[in-house]
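Q: What would the 3D arrangement of this be:
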Amino acid sequence: MPETLERPPSDAITSLPGAPIIRRIRRLLVVAGATGLFYGVLGTASKGGCPGGVTGDGGYLDANGDPTSVVPMCVTLTLRPAPIVLLVIVAIVLIAISRVLRSARSETAAMRTLDLAAVAIVGLTVAWWALTLVSFLSIDLQAWDGVGPFPYPDAMLGDIRIDVSTMPAGTNR
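A: Numbers count the residues shown, from 1 in each chain. Presented below is the predicted three-dimensional model:
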């Protein structure tokens, strides 16, 4: 069956002007979406603890190990992905496409701008994730006495939720 103008040969590369740039934009969007998805999944962590505990006869111990009648408090920290990272990913994509439309002098320059944007998205997201995870893991739960408010760390790059509650009855942690 002869090929027609309406149906180009299946092995032919499209002759659409700008097709390589469109493919590179599509790749940038896939990289941005996948990076955002991975950051959303890997940017979640939690840890918790209860200073004090329960004695053998059902009483309670405070953070120093002394018997007390007050139920010890427990803390749970939950790290969630920071929405600012997703906004930065979107901003990088929009800025890259705008630069291509505004100032790219050639197809090569446009593709270089889009490739640089993809590298920037992955690099910045991985760096943010690593710094956030290291700072989250460096929070010392043992420094809390179980009485006052939990000391919130000064420099955190992620979204941390702090839940303070009483120790469940009959629990020894």
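Q: buried sites along the helix or strand harbouring I25?
A: Assignment of secondary structure by DSSP states H and E places I25 within helix 19-42. Residues of helix 19-42 classed as buried: 21, 24-25, 28, 31-32, 35-36, 39 (neighbour count, 16 or more other C-beta atoms under 10 Å). In this view, the C-beta of every residue, glycine as well, is placed from N, C-alpha and C.
Q: Does anything pack onto the worst-scoring helix or strand of the chain on mean pLDDT? Which helices or strands?
A: For the chain, the helix or strand with the lowest mean confidence is strand 53-54, at a mean of 76 (criterion: mean pLDDT, DSSP states H and E). Counting contacts by 3 or more C-beta pairs under 8 Å, 6 or more residues apart in numbering; DSSP states H and E, strand 53-54 packs against strand 60-61.
Q: hey, where'd the strands end up in the chain?
A: Using DSSP state E, the strands of the chain run over 45-49, 53-54, 60-61, 67-68, 73-80, 159-166.
Q: can you tell me which of the ones you listed the model trusts least?
A: Mean pLDDT per stretch puts strand 53-54 lowest among those, at a mean of 76.
Q: how distant is it from the center of its chain?
A: Relative to the chain's own centre, strand 53-54 is displaced by 35 Å; criterion: C-alpha atoms, centre = their mean, to the nearest Å.
Q: And stretch 75-89, by the same measure?
A: For stretch 75-89, the distance to the chain centre is 5 Å (C-alpha atoms, centre = their mean).
Q: shaky segments in this structure?
A: Applying pLDDT under 70 to the chain flags residues 1-15, 145-156, 169-173.
Q: Pretty sure V31 sits against A120.
A: No - using C-beta atoms under 8 Å, V31 is not in contact with A120; the gap is 10.2 Å.
Q: which helix is the longest one in the chain?
A: Determined from DSSP state H, the single longest helix within the chain is helix 107-137.
Q: circling back: from the buried residues of helix 19-42, which single one is nearest A91?
A: Taking C-beta to C-beta as the measure, A91 sits nearest to A32 out of those, at 10.4 Å.
Q: on that earlier part again, could you figure out how far the helix holding I25 is turned away from helix 107-137?
A: If you take axes from the mean of the first three to the mean of the last three C-alpha atoms, to 10 degrees, helix 19-42 sits at 0 degrees to helix 107-137.
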